[in-house]
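>>> no letters, just coordinates:
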């Protein structure tokens with residue numbers, strides 16, 4: 001069903017923010033700025049053994065925004081389902097500044113301990129964890145989750161009139177003013193860095209944490225997306241990275257561009273001069289968010305995925321998609337997710353679906369109201385290389401024949417095995433795995449493990465005979 005006109009106006013403004021002199025052009029047919037084809041120099045997310053990690057996961061969880069304790073209603077068994085049924089190897093765990101620091105300088109130790117426990121549960125079932133400092137429309141003062149009430153002025157909250165569509169709130173002057181104050185140097189920004197420091201202290205040493213993500217869908221306030229990306233973000237992001245790494249230097253740090261990139265525009269983001277960063281934009285074609293539906297143009301999704309790879313290559317950073325999703329009541333939602341993930345496969349991108357939830361037809365969630373796999377779960381339950389001991393060359397999943405193929409180069413850049421997922425929703429009767437060179441492939445539950453021997457490798461994973 002079509003959404004109210006407010007969000008249409010918001011997207012029109014968002015897409016119109018390219019402005020004079022902005023090089024963030026809409027996508028061409030091939031995804032390059034000139035519409036051509038470009039093979040970028042890739043940077044890869046690597047683990048301590050040098051293995052390339054392709055993170056496929058879900059967000060945990062939107063329900064946390066409205067829970068009294070700001071925690072998701074899921075336990076270790078729910079996380080195990082993500083591994084077994086969907087073949088996921090990561091989660092993006094939502095945390096909230098207002099939950100960490102409900103009053104200035106006062107941190108909620110019980111909440112922080114609960115986040116640590118969730119990270120340990122995820123690690124126990126084999127999931128990497130991306131810690132996402134989440135916000136929507138700044139925070140609680142404007143009827144959403146994120147910044148605590150004390151982070152901006154009550155007078156601005158009082159004068160704010162919620163628009164019919166929540167996203168349009170970002171374009172209201174009160175919300176813009178709060179973001180302007182947040183990005184400026186001062187006590188609010190310092191307090192946010194302090195909350196990050198306390199969170200990182202709590203999670204220091206937790207092996208499951210692969211990365212910290214500084215802020216969800218940053219708004220540019222009253223400036224422009226390109227001004228945010230080029231002038232504001234490098235300084236603010238650099239200071240936050242330094243604050244985190246003063247207490248926990250091990251994980252990577254994920255950074256988002258101005259949220260205009262969600263709709264497929266190229267980013268002008270200039271990363272801070274820091275090591276081990278990840279580019280983590282979102283992937284929400286406007287027609288899906290407007291409720292119009294998916295038009296079946298898979299080539300455009302491929303071009304948007306290519307744009308992400310090109311932006312990351314320009315910055316010299318590895319990349320993944322931090323959010324991608326579709327409500328079940330939007331026409332073509334499942335086909336969109338299937339085509340989007342095929343595009344991610346084609347560009348060798350990790351991605352985090354929005355989100356781990358239970359709900360009816362208006363839900364983005366993986367499970368239906370009876371806790372059965374919903375269309376979103378069925379769409380993203382596909383094998384992928386979770387870890388490559390070398391350099392990925394490419395992979396492909398054919399959902400009709402249930403055959404997955406992948407190739408990679410074991411070039412000595414990594415120790416250990418390569419690991420591929422084999423989700424039970426895709427392979428309900430198990431799998432058979434063979435290597436073109438006749439090497440060993442061990443099926444271990446929902447994963448296929450391939451010891452390293454060197455050279456070019458190719459694996460085929462298919463449904464078990466008789467399946």
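That came through, no problem. No experiment lies behind these values; they were computed from the predicted model shown.

>>> please state the backbone phi and psi of the residue nearest the centre of the chain?
Closest to where the C-alpha atoms of the chain average out (Cα atoms, centre = their mean) is residue 322, at 1.2 Å. Torsion angles at residue 322 (phi, psi; degrees, to the nearest 10) stand at phi -80, psi -30.

>>> do the same with the one 5 residues further on
Dihedral pair for residue 327: phi -70, psi 150, per degrees, to the nearest 10.

>>> residue contacts, the residue nearest to residue 328 when sequence neighbours are not counted?
Excluding the flanking residues, the one nearest residue 328 by Cβ to Cβ, 6 or more residues apart in numbering is residue 361, at 5.1 Å. Glycine gets a C-beta too; all of them are placed from N, C-alpha and C. By Cβ atoms under 8 Å, 6 or more residues apart in numbering, residue 361 lies in contact with 327-329.

>>> give me the nearest residue to residue 237, chain neighbours excluded.
residue 272 (4.8 Å).

>>> that neighbour and residue 240, how far apart?
Distance, residue 272 to residue 240, using Cβ to Cβ, to the nearest Å: 9 Å.

>>> comparing these two, which residue is more hemmed in?
residue 240 (23 against 17; other Cβ atoms under 10 Å).

>>> what packs against the helix or strand hosting that one?
According to DSSP states H and E, residue 240 maps onto helix 233-245. Counting contacts by 3 or more Cβ pairs under 8 Å, 6 or more residues apart in numbering; DSSP states H and E, helix 233-245 packs against helix 187-203, strand 252-255.

>>> ok, back up a step: where's the residue nearest to the centre of the chain relative to residue 433, distance?
Distance from residue 322 to residue 433, by Cβ to Cβ: 30 Å.

>>> just to revisit the earlier point, winner for burial among the helices and strands packed on helix 233-245?
strand 252-255 (a mean of 24; mean count of other Cβ atoms under 10 Å).

>>> list the neighbouring strands of that one plus their orientation.
strand 209-213 (parallel), strand 277-279 (parallel) (DSSP bridges).

>>> could you list the buried residues of the longest one?
Neighbour counts using 16 or more other Cβ atoms under 10 Å place 209-213 of strand 209-213 among the buried residues.

>>> want to try TSV for these, with pLDDT as columns?
As requested, the buried residues of strand 209-213 are exported to TSV (pLDDT from 0 to 100):
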residue	pLDDT
209	98
210	98
211	98
212	98
213	98
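
>>> just the closest of those residues to residue 291, please.
Closest approach to residue 291 among the buried residues of strand 209-213 (Cβ to Cβ): residue 213, at 27.4 Å.

>>> is it true that the closest one touches residue 280?
Yes. Contact status for residue 213 versus residue 280: in contact at 6.0 Å, counting by Cβ atoms under 8 Å.

>>> shared neighbours, the two?
130, 254-256, 322.

>>> could I get the strands paired with strand 252-255 in TSV, plus columns for distance to residue 169?
Converted to TSV, these look like this (distance: least, Cβ to Cβ, whole Å):
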stretch	distance to residue 169
strand 209-213	22
strand 277-279	26
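
>>> leaving out sequence neighbours, find the closest residue to residue 99.
Residue 99's closest residue in space is residue 70 (Cβ to Cβ, 6+ apart), at 3.8 Å.

>>> and the one you found, how many neighbours?
21.
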